[in-house]
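Visitor: what would the 3D arrangement of this be:
(chains A, B, C, D and E, ligands or ions: 4)
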Amino acid sequence: MLRVEGLSKHFGGFTAVDNVEFSLERGEILGLIGPNGSGKSTIFNMLSGTLEPNAGSIKLDGKEIAGASPHAICVMGVGRTFQIPRPFRRLSILENAALAGYYGRAGAVTRAEAWRSAEEALELVGLPTDAAASVDMLGAAGLKKLELAKALATKPSLLLADESLGGLDHSEMDQAADMLKNIRDELDVTIIWVEHIMGVLMRVVDRVMVLDHGEKIAEGRPHEVAANPKVIEVYLGSDAEETAAAAHRG
Amino acid sequence: MLTLRNINAGYGDFQALFDVSLDVNAGEAVAVIGPNGAGKSTLMRVISGMIPATAGQIEMEGASVLDAPAHDIVGMGIAHAPENRRLFPRMTVEDNLRMGCFMPQFRDRFEERKDFVYDLFPRMLERRNQMAGTLSGGEQQMCAIGRALMSDPKILLMDEPSAGLAPVIVQQVFSLIERIRGEGLTVLIVEQNVRQVLRIVDRAYVLESGSLRLEGTSDELLQSPEIQKAFMGM
Amino acid sequence: MFAEFTEALFSIFFVETLINGLLLGGVLALLSLGLNLIFGVIDVVWICYAEIIMLGMYTIYFLHVDGGMPLIAAVACGVGVTACLGWLTHRLVIGYLLQAAPINQLLATGGLLFFFQGAAMVAFGVEFRSLGVSLGSLALSEDIYLSWTRLLSFTIAAGVVVVLYQFLARSYLGAAIRAISQDREIMILMGVDTKKLYLLTSAIGGGLAGLAAALLALQYDVHPFIGLSFGPITFMICVMGGLGNMVGGFLAAFVFSELITIGGYFAELEWGYVMAFVFFIASMFVRPEGLFARKS
Amino acid sequence: MNSKLLIAVIAAILISLPFLGLDSYPLHIVIVILIWSFAYTGWTIMGRFGLVSLGHGAFMAIGGYVTALLWNELGLTPWIGIPVAMACAGGMAALIGYPCFRFRIVGHYFALVTLALSEVVRQVIIATRNTTGGSLGYTPERHGDGWSIMALQFDDRVVFYFIALGVWMAGIVIWYMVDRSMARYALEAISEDEDASAAVGVRVTKEKMKVTMLSAVMTAFAGAMYCQYQMFISPDTIGGVGISLQIVFAVVVGGIYNALGPTIGAVITILLAEVLRISIGTSAVCITDKICLNAAGVPLLVYGIMLILFIIFLPKGIVGGFADLWQARFNNGAKSGNSAKSIAAK
Amino acid sequence: AAGKTIKIGVIYDYTGPLAGGGSDLQALGAKIMIDHINSQGGVEGYMIEPIYADAQSKPEVAINEAVRLIEQEKVDMLLGFYSSAQCVPVAAKVDSLKKFMWITTCISPAVLKGRNLKYVFRPQVHGAMFGELSVDFLNSNAQSKMGIDPKKLRVAIIHEDGPYGSGVAGGNEAAAKKFGMNLVLKEGYSATAPDLSSLVTKLKRKRPDVILHTGYNPDISLFLRQSKEQGLRFKALIGHGAGYGVVDKLYDTIGNDIDHVFNVDPVSIWLLDPNSLAPGLAAVTKKVGDEYEKAKPGVTVKSAHVGMAASNAHVFFSDVLPRAIKKYGGIDAESLRKAALETDIAEGGTLLGFGVKFPGAGKSDMMGQNTRASPVVMQYVGRKVYIAWPKALQTIDPILPLPKSSPYAK
Ligand SMILES: Nc1ncnc2c1ncn2[C@@H]1O[C@H](COP(=O)(O)OP(=O)(O)OP(=O)(O)O)[C@@H](O)[C@H]1O
Ligand SMILES: Nc1ncnc2c1ncn2[C@@H]1O[C@H](COP(=O)(O)OP(=O)(O)OP(=O)(O)O)[C@@H](O)[C@H]1O
Ligand SMILES: [Mg+2]
Ligand SMILES: [Mg+2]
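Guide: Ligands and ions are numbered 1, 2, ... in the order given. This is a model prediction of the structure:
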């Protein structure tokens, strides 16, 4: 459903993403990993239209979306979360999601429909759906969930999840990982997932792509990637064994 | 070295810490672990003076921390690498480091400390003239720790230093913490990555809903089924 | 019409206009220096900045004319008084609004603007007062003269820009001043007494207003409303130069002043201002971060 | 008391005001307040979303001058002239707004770009003095004996009162329509985080444009009304930075986040100015024979202090502040506190 | 009929830029006269009850205050107004409210011209007269004093662009054209402009012999200062009232450079030879002067502004009001209007020296304008004010062109 070719992004003289190429099948979960600063978030920013690529093409269901504006891409079915949560604090939790449900869905949406999709999304991630619940009551974990709920309320066909587990404690991490699987299975959403917590990521994803210095250095099934010496060197380090174990468990 | 007695603190009407008492001895590494929202960051903020305590006492090497003006606490040898890095986004990496050395008594040693930090994080040397706001998450974490180290503190408070870092970097951070310890620095660290942090600290406290639940050496805690279940997913 | 235009263009007086622009630029640059520190660097809005300058002018006037103090001493006192005013502005108004939205700071200092005008009127009346000092001018040729006062403004502005730039870029205090607008809360972790730092910066900004007042008093009559003529322009200069960019602000002052004088030379004076403001708007669209901001 | 009943009572009072023996001059003040309230409400439509414009003096001036110029120069009735003026203001708002929003000019920058706009319009009016009269001001020509529906001129103040009342109510209705619309959520979100809003599908530029143009058009209408009522406009009375600031001050005093905030702001600032000027006005107080204090400055001084105190102690304005008190008293939920949460709280 | 009062709303600018530009002095003059009349026991049994109001240098405030005084304070009439920008809208408003208005100061022709106002009267000279007089003065003296044929005289007109400056400049221009002078530049500017260097440059380029200038205060001293610094040279500078009338200030600001500058204004009442005036007036002049000293101790040159307002107010209290009360039985607008239309004061009958006569109903396109008012040309020499023109009133033989001692001398 997604084909990315020759994608590049420069900041000044610095190349953050260099000629990256990959594709996704419907219903797949792709894990995107790589050292800090390797360009993962930058790729997300380009896929979601927040940044304009310097070169390359991004085809969503055959349609070119590279360089389109973020809201248009969102309406076409790409939902994203931000690495650092960006809630709308002046709206309630429900309104946050409803806003996404109203503006982010394709076609004309009534208010009632928007609120319904908001409630569904919130239930799915396990946040309260009562109208009064304020964003201020959410902790770090709650904000991560809200990011997901906002993205889901737009009824995406492709979900870009950027470090959705960062800062979660262990029990919540497991729940969140299961939730992503659920989302894929029940809502038929394709997912690209960026995460540094290998123990969880490797269990959930179907395929892993590894970036380093903006270049793709490896791609494949989780256990293959976990065994790739180059990946071990630049990314996994001594966690490689644990990672491999998790990959096998998944 | 650092002693907390019956600390209460919160935000406005909301109380986040209830009667927390803990000790960190010189040269020790101590972790505070606990679920989201337990009050771990709040504890760190109270120690470094970012928020006031409503009751209790804090002493650093016998001197009262709570009686000192908040901005003098760094001068007592307490450095804090805060949650979410909190760099100055529109300043270069080097200027951020410079800010870590702001207090007059530290300024002479700026060059020396800077070299120490660049040695620790060669990536920072490479990016020293980049605006901190455009660094990647991991780079920002390095910069934040580096900034805290600039004042050559006696005790370093680290709030989730591994959050959002790549596994190799997490390992580096942890081995770095060990190295820092090796240099005689005392460390108080808040972490979600319980398994790894317990490997490098001497002792740990478990904080839940603003109160201390458990305390023990890292070995004890690593063995504790309760901890294993709650924090390590076993 | 066209002949008139070309004649004006190729006359020696066009050169004079360019020079006038340059010299007016010195005045505007001086006026916007302190504002650039307060508004651009520590991101606090003082819409009453020009009124502080006005009070500085009064101080200098009274000490020199009524008090018989030598001009230089009066200027020094003027700088002291405006530094105090800057300090007080922060202490009594902005200090309570640091957490508030910038618009609230703008409005509160707007209240201060009225207060200063009202107070000046109550204390000094509405009359125009003049130092009665003229430094004369330097004859370049039979037709072209340079005003010493404006040359002096120009030189002082240039000097202060260099000093301020070095101060901000190189010193610890300068770095702290730049940092404080970016994350006030964690300044404590750096060992910075934020209250003191704000007060200090406000006093420096106020003192610079006193310096501007000295040069302005040599060219303009003091009256309670003189600030109104300069207020908006100085704000735009700060923004056009790139907020917090001292050198940019300095250059922007000259862009503004050249547009004002050239526009005024070829048409009614107002068209100069129209040109300058339109250029400001357009420059925001082309380079929103400021015309002279470094690309990072 | 039931709120419908309350509204009905207030409406009844307002409608019967001219017949309750209200003198001509108070009625004049009420009319001026109503017209300004409408302009202030227009500003709030966008201002409450963090779009702080200091350019509304320009829209107001366009409203007044275009209408009056068309009437004097072309004999075009205000019935056509006012819509044309509103269209011009809308066009101007689009011209300045589109690039601003496209290039992400927000906060201080937006305020200053719009400030420059109000200066541009003011200076253009002054510079084209042969047509507009420059600083001299401009007077729409009287039509006959000053009573003409076609010319929208009414010598009778009561008639104008009802027109102004209608206009003001329309302003409140528009405010509520925006407040109830989905656009409100979008704009609240945009005011916090444009990227995040765009990422959930909000068309940031379009939403901002809509509300900015609506606000500009309303303000232009207020300018035209002011001109028709006072039969005199000058660049300083309805244009320029002065007016732009006056609008912002009044709104902040009243409260940005409530429908009645701008109106209360108008009532307070206008009455305050009147009272101070009349009561302290023109006397000089001499302490000794040499030192005389000029009391004429006192109103300005008091106004300034009031403003500062308001902003420090009642940052949500009078209406917002009292709404909070009310809520604290009855402790009825956090919900409405949400929409009223001050930008100051950020 | 003791115990009766006439309530008069007195409006000037006590605050804002115009206040220091002369308005507060005018207000002082009016107040002195009102107090004087009251101390004499009022007028025909009526005491005067003034209500002072501040127009804050803003037209909309002036309108507001006018309406308030009439409708709320129920004053019987209005008196005052410094700024023509206020007179223009207020006069129309007051006339439509059918109230009587006596303008002491503002001079723009636009206030009355072609508006056919019924209740608005202005004993004051109007702007076009100022403009005409200065040109007339030049026309008569250019050849004899400067040796330039008036038709070759290079004249520049600059003015603040409010109604006052525009009105005077209009008079300048019309007269200069009439005499066929060489008008090299005519330009308006806003009185609050922070820089006039471009205007000075333009003037230098046009090399005028004579500059006719109309402005308020901050702009005049800015202009003179920048002219000096930029080396603008001319043979004569003629100002027209307002800022140029505040002699003390000009000397304070510009110093002796202001020497030999001309000013067109109604004459300062203290300059006139008391013998040329109707009997009794000299005492009034002196009284006004004494009160002025009391209010503003230490002025070296008494400003013409104070006398102007005092004189014009005096005309109303000593001539119009008594007639209205005695002949028309009241102080209502209609009686006052009838009384004013019958005013017929000969030359020398006012403190300012000129006479007063208003055009009869429908007889002029400037109804309400005093047809007998005339300004004079004054010259400042050594901190003193002399009358240079018309010849009949001369106290000095005009010094023209500027002597070499002046920094502006060509
Ligand atoms: N606006 C920008 N200007 C300059 N450099 C930038 C900008 N945005 C990102 N970069 C640089 O591009 C590189 C890639 O950044 P990116 O945020 O994509 O990393 P990442 O892979 O998401 O890292 P992390 O896992 O730490 O989040 C980094 O080195 C970063 O410093
Ligand atoms: N600035 C704040 N204002 C109000 N409440 C706050 C603030 N910061 C934290 N809290 C609340 O205080 C409690 C403790 O927060 P704290 O940040 O100390 O938790 P934590 O243990 O660090 O959690 P995490 O693991 O998510 O970082 C939480 O319930 C949180 O919602
Ligand atoms: Mg990232
Ligand atoms: Mg925390």
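Visitor: list the contacts for the residue in chain C positioned nearest to chain E?
Guide: Nearest residue of chain C to chain E, counting by CB to the nearest CB: C:Gly264, 3.1 Å away. From N, CA and C alone the C-beta is placed, and that goes for glycine too. With contacts defined as CB atoms under 8 Å, 6 or more residues apart in numbering or on different chains, the neighbours of C:Gly264 are C:Trp271, C:Gly272, E:Asp195, E:Ser197, E:Ser198, E:Leu199.
Visitor: show me the contact partners of the longest helix belonging to chain B.
Guide: Ordering each helix of chain B by length in residues (DSSP state H) puts helix B:167-182 first. Contacts to helix B:167-182, defined as CB under 8 Å, 6+ apart, come from residues A:35-36, A:196, A:198, A:234-239, A:243, B:27, B:29, B:120, B:138, B:141-142, B:145, B:149, B:156, B:158, B:161-162, B:165, B:187, B:189, B:193, B:196-197, B:199-200.
Visitor: tell me where chain D has strands.
Guide: D:147-148, D:153-154, D:284-286, D:292-294 (DSSP state E).
Visitor: how many neighbouring residues does D:Met150 have?
Guide: 10 (other CB atoms under 10 Å in any protein chain shown).
Visitor: contact partners for the closest residue in space to it that isn't next to it in sequence?
Guide: Spatially, and ignoring its direct neighbours in sequence, D:Met150 is nearest to D:Thr77 (5.2 Å; CB to CB, 6 or more residues apart in numbering or on different chains). By CB under 8 Å, 6+ apart, the contact list for D:Thr77 reads D:Trp71, D:Met150, D:Ala151, D:Leu152.
Visitor: what sits against the second one?
Guide: To tie it back to what came earlier, the one meant is D:Met150. Applying CB under 8 Å, 6+ apart, the residues near D:Met150 are D:Thr77, D:Trp79, D:His143.
Visitor: please enumerate the helices of the stretch 101-250 of chain C.
Guide: Secondary structure of the stretch 101-250 of chain C (DSSP state H, counting those that start in this stretch): helices at C:102-124, C:148-170, C:172-180, C:194-217, C:227-240, C:246-266.
Visitor: what angle do helix C:227-240 and the longest one make with each other?
Guide: Relative orientation of helix C:194-217 versus helix C:227-240 (axes from the mean of the first three to the mean of the last three CA atoms, to 10 degrees): 120 degrees.
Visitor: list just the nearest of the contacts of D:Met150 to chain B.
Guide: Closest to chain B, out of all of the contacts of D:Met150 and judged by CB to the nearest CB, is D:Trp79, at 53.3 Å.
Visitor: so that closest one sits against D:Leu152, correct?
Guide: Yes. Counting by CB atoms under 8 Å, D:Trp79 does reach D:Leu152; the two are 6.9 Å apart.
Visitor: what about the nearest residue to A:Ile93 once chain neighbours are set aside, neighbour count?
Guide: Spatial nearest neighbour of A:Ile93, excluding adjacent residues (CB to CB, 6+ apart): A:Ala133 at 4.6 Å. A count of nearby residues for A:Ala133, using other CB under 10 Å, gives 19.
Visitor: how about the one 4 residues further on?
Guide: Residues contacting A:Met137 under the criterion other CB under 10 Å number 12.
Visitor: over to B:Asp23?
Guide: Counted with other CB under 10 Å, B:Asp23 comes out at 15.
Visitor: dihedrals phi and psi, it?
Guide: Main-chain dihedrals, B:Asp23, degrees, to the nearest 10: phi -130, psi 140.
Visitor: and what about the spatially closest residue to it that is not a sequence neighbour, helix, strand or coil?
Guide: Excluding its sequence neighbours, the residue lying closest to B:Asp23 (CB to CB, 6+ apart) is B:Thr3, at 5.2 Å. What DSSP: H, G, I helix; E, B strand; the rest coil gives for B:Thr3 is strand.
Visitor: for B:Thr3, list each beta-bridge partner.
Guide: B:Asp23, B:Glu59 (DSSP bridges).
Visitor: that one against B:Ile58, yeah?
Guide: Yes. The criterion here is CB under 8 Å, and B:Thr3 meets it with B:Ile58 at 7.0 Å.
Visitor: and the residue in chain B that ligand 1 sits nearest to, how far is that from chain A?
Guide: The nearest approach of chain B to ligand 1 comes at B:Gly137, 3.1 Å away (CB to the nearest ligand atom). Here the criterion is CB to the nearest CB, to the nearest Å. By it, B:Gly137 lies 5 Å from chain A.
Visitor: surely that residue touches B:Gly164?
Guide: Yes. Counting by CB under 8 Å, B:Gly137 touches B:Gly164, with 4.4 Å between them.
Visitor: need the overlap of contacts for the two.
Guide: With CB under 8 Å, 6+ apart, B:Gly137 and B:Gly164 have common neighbours A:Asn36, A:Gln83, A:Glu163.
Visitor: quick check, the first one in a strand?
Guide: No. The secondary structure assignment for A:Asn36 gives coil rather than a strand, going by three-state DSSP.
Visitor: tally of neighbours for B:Gly100?
Guide: 29.
Visitor: go on, E:Gly41?
Guide: Other residues close to E:Gly41 by other CB under 10 Å number 11.
Visitor: which element is the residue most central in space within chain C on?
Guide: Compute the mean C-alpha point of chain C, and by CA atoms, centre = their mean the closest residue is C:Leu31, 1.7 Å away. Element membership for C:Leu31, per DSSP states H and E: helix C:12-35.
Visitor: now look at that helix and say if it contacts chain D.
Guide: No. Judged by CB under 8 Å from any CB of the partner chain, helix C:12-35 stays clear of chain D, getting no closer than 12.1 Å.
Visitor: gap between that helix and the chain center?
Guide: Offset of helix C:12-35 from its chain centre (CA atoms, centre = their mean, to the nearest Å): 12 Å.
Visitor: name the next helix or strand following that helix along the chain.
Guide: helix C:49-61.
Visitor: show me what that next one packs onto, helices and strands only.
Guide: helix C:12-35, helix C:71-88, helix C:102-124, helix C:194-217, helix C:227-240 (3 or more CB pairs under 8 Å, 6 or more residues apart in numbering or on different chains; DSSP states H and E).
Visitor: for residue 149, grab the count of nearby residues.
Guide: Let's take chain A. 28.
Visitor: meant chain C, my bad for not saying
Guide: 23.
Visitor: in this structure it contacts C:Leu138, no?
Guide: No. Contact between C:Thr149 and C:Leu138 fails when scored by CB under 8 Å: they sit 10.8 Å apart.
Visitor: residues of stretch D:206-217 that come out buried?
Guide: D:Glu207, D:Lys208, D:Met209, D:Lys210, D:Val211, D:Thr212, D:Met213, D:Leu214, D:Ser215, D:Ala216, D:Val217 (16 or more other CB atoms under 10 Å in any protein chain shown).
Visitor: pLDDT score assigned to the residue lying closest to the first one once chain neighbours are set aside?
Guide: In space, not counting the residues next to it along the chain, D:Glu207 is nearest to D:Ala186; the distance is 4.9 Å by CB to CB, 6+ apart. The confidence metric pLDDT takes the value 94 at D:Ala186.
Visitor: and the residue of the stretch 1-150 of chain C found nearest ligand 2, which of the three is it?
Guide: Closest residue of the stretch 1-150 of chain C to ligand 2, CB to the nearest ligand atom: C:Gln99 (12.2 Å). For C:Gln99, the assignment made with three-state DSSP gives coil.
Visitor: what is the neighbour count of it?
Guide: 11.
Visitor: now the helices for chain A?
Guide: Under DSSP H, chain A gives helices at A:40-47, A:70-75, A:93-103, A:111-125, A:140-153, A:170-187, A:198-204, A:222-227, A:229-231, A:240-249.
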